[in-house]
Structure formats: structure tokens, C-alpha cells
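> With the sequence up front, the predicted model follows.
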Amino acid sequence: MSIRNEGFVTYSELQSYERRARELRSEAIRAGVASLFNIGKRDRATRTGK
């Protein structure tokens, strides 16, 4: 993927940029959700252990 000298990209390049952005966004959402649930489980475990 390359941005041309004029600053324009072809339609297929634009599609591949958008596809990659969607992949990264979904990975970030999954990681965030997983970390939220892990924090919640850890908090509950420490509370019940006391």
C-alpha cells in the first residue's frame, strides 16, 4: 500500500486501509473487554477472600 505523489490512493488501496482499520478496532475492543472482565474477576476474588 502506497500513497501516491499526488496524495491520492486507488480504490483498492482505500479498501485495504479500511479493512485493516476495522481489524485493529475489533482487536482493541476485544482486548479492552477482556481486560475489563479480568479486572472484575480479580476484584471479586479478593473481596470474597477477606
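Nice, thanks for sending it over. Computed from a predicted structure; not experimentally measured. Numbers count the residues shown, from 1 in each chain.
> which stretches of the chain form helices?
11-49 (DSSP state H).
> what bits of it have low per-residue confidence?
Applying pLDDT under 70 to the chain picks out residues 1-5, 39-50.
> Please repeat the previous calculation with a cut-off of 90.
1-9, 33-50 (pLDDT under 90).
> How much space separates residue 19 from residue 31?
Distance from residue 19 to residue 31, counting by CB to CB, to the nearest Å: 19 Å. The C-beta positions use only the backbone N, C-alpha and C, and glycine is treated the same way.
> Kindly report the same for residue 14.
Residue 14 sits 26 Å away from residue 31, going by CB to CB.
> Repeat that for residue 17.
From residue 17 to residue 31 the distance is 21 Å (CB to CB).
> Mind checking which of the two has more residues around it?
residue 17 (13 against 10; other CB atoms under 10 Å).
> so that one touches residue 10, yeah?
No - between residue 17 and residue 10 there is no contact under CB atoms under 8 Å: 10.6 Å.
> Touching both of these two, which residues are there?
Residues touching both residue 17 and residue 10 (CB atoms under 8 Å, 6 or more residues apart in numbering): there are none.
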